[in-house]
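> okay, structure incoming, though there's no sequence with it:
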Ligand SMILES: Cc1cc2nc3c(=O)[nH]c(=O)nc-3n(C[C@H](O)[C@H](O)[C@H](O)COP(=O)(O)OP(=O)(O)OC[C@H]3O[C@@H](n4cnc5c(N)ncnc54)[C@H](O)[C@@H]3O)c2cc1C
């Protein structure tokens, strides 16, 4: 097997999601696993990838690849797959990765399985695990032909910093005319502190039970004390209490932190599907019959306005001691 992992970067950092996919590919332990970094001024990222288990990293480093646009990346990947006889290409989900994976599948007439949460070897075949029916079952999915392309759900795998050296090889950059006809006019970045909701090991999420946008400071302070990120339900996002980028659920983000603390959240199915694969789920809700308690590991029945500040203080005190 010859596997290629798309190593996405933002600025001078490789994304945790793609490093997690790299770690998964390495643990499958079947054949060569290479990474590919595509961008402008990205050579140093190849060495970084070596620390996370890539034995080989292809680098496509060209000013034409500066903007995070999908089609030029599809050109680079399609040529690599053909030239190197790669049979499996893996992506960690992101807006860019989803576009690139779809474009690559179309270009190579290859099968793409998306929203996978795992990949295993069964009877000598690669089998993807895909949550379905609002995450209530896992479906086994496969590929009828090579190359196989897979896109994994955010947070499916943790990166594994195992150290080691890496062989770096230049990947040719020959772009199609139609691939350079789109131009990035502007790029805006949200100002935020702390880890992003996709990468955070801890998420403290707030719902309508907070009572008003001003009370989001309660979840923000708890998240800060735990080194985590803030999440929100659609009800509060729709009400304009918190930004859409933090919405967890069916029409928001799917997250799987190690710890998810739900404050004043009822646990509607549309919220549940976005966070139920979290490691430990803690719910704080004044209604002991709230559905969230049906899938929480730990439930606290009570008023979040009293409980959350005490919890934050206790964590700060513990960290300070
Ligand atoms: C097509 C579709 C897609 C959707 N997508 C999403 C999605 O992506 N994400 C999402 O979250 N929702 C989504 N929803 C909406 C979802 O159905 C729920 O309406 C929403 O999740 C409810 O948000 P909530 O838990 O904040 O509010 P509520 O359901 O109003 O729950 C508030 C909770 O706070 C508790 N509470 C109140 N006061 C306190 C207090 N002082 N202390 C402690 N607890 C308190 C209450 O007991 C209650 O359980 C979607 C709906 C549809 C139809």
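Right, received. Where do you want to start? No experiment lies behind these values; they were computed from the predicted model shown.
> residue 84 contacts residue 2, correct?
Yes - between residue 84 and residue 2 there is a contact under C-beta atoms under 8 Å: 6.8 Å. Just so you know, the C-beta spots here come from the backbone N, C-alpha and C atoms, and that holds for glycine as well.
> can you work out which residues contact both of these two?
By the contact definition C-beta atoms under 8 Å, 6 or more residues apart in numbering, residue 84 and residue 2 are jointly contacted by residue 34.
> got the contact list for the one helix or strand residue 18 maps to?
If you go by DSSP states H and E, residue 18 is part of helix 16-28. With contacts defined as C-beta under 8 Å, 6+ apart, helix 16-28 is touched by 1, 3, 5-8, 33, 35, 49, 52-54, 88, 90-94, 97, 118-121, 126, 152, 154-160, 198-199.
> now it: buried residues?
For helix 16-28, the neighbour count (16 or more other C-beta atoms under 10 Å) marks 16-26, 28 as buried.
> the ligand: which of these is nearest?
The ligand has its nearest neighbour among the buried residues of helix 16-28 in residue 17, at 19.5 Å by C-beta to the nearest ligand atom.
> quick one, which of the contacts of helix 16-28 are buried?
By neighbour count, with 16+ other C-beta under 10 Å, these hold 1, 3, 5-8, 33, 35, 49, 52-54, 88, 90-94, 97, 119, 126, 152, 154-157, 159, 198-199 as buried.
> which ones among the residues you listed lie within helices?
Residues of these located in helices (DSSP state H): 49, 97.
> quick one: residues contacting residue 146.
Contact analysis of residue 146 by C-beta under 8 Å, 6+ apart lists 87-88, 110.
> sec struct for it, please.
Of the three states, residue 146 takes coil under DSSP: H, G, I helix; E, B strand; the rest coil.
> from residue 73, how far out is it?
20 Å (C-beta to C-beta, to the nearest Å).
> same thing with residue 126?
From residue 126 over to residue 73 (counting by C-beta to C-beta), the distance is 23 Å.
> same thing with residue 240?
35 Å.
> pick out whichever of these two has more residues nearby.
Using other C-beta atoms under 10 Å, the more surrounded residue of residue 240 and residue 73 is residue 73, with 26 against 9.
> show me what from this protein comes close to the ligand.
Remark: the part of the chain in contact with the ligand comprises 207-209, 233-236, 247-252, 264-266, 268, 270-271, 274, 284-287, 290, 303-305, using C-beta under 6 Å from any ligand atom.
> make a PyMOL selection of the buried ones in those residues.
To isolate the buried members of the residues of the chain next to the ligand in PyMOL, using 16+ other C-beta under 10 Å:
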select buried, resi 207+208+209+233+234+235+236+247+248+249+250+252+264+265+266+268+271+274+284+285+290+304
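> mind checking which of the residues of the chain next to the ligand are in strands?
Taking DSSP state E, the ones among the residues of the chain next to the ligand that sit in strands are 284-285.
> out of the buried residues of helix 16-28, who's nearest residue 221?
Closest to residue 221 out of the buried residues of helix 16-28 is residue 16 (24.4 Å), distances taken as C-beta to C-beta.
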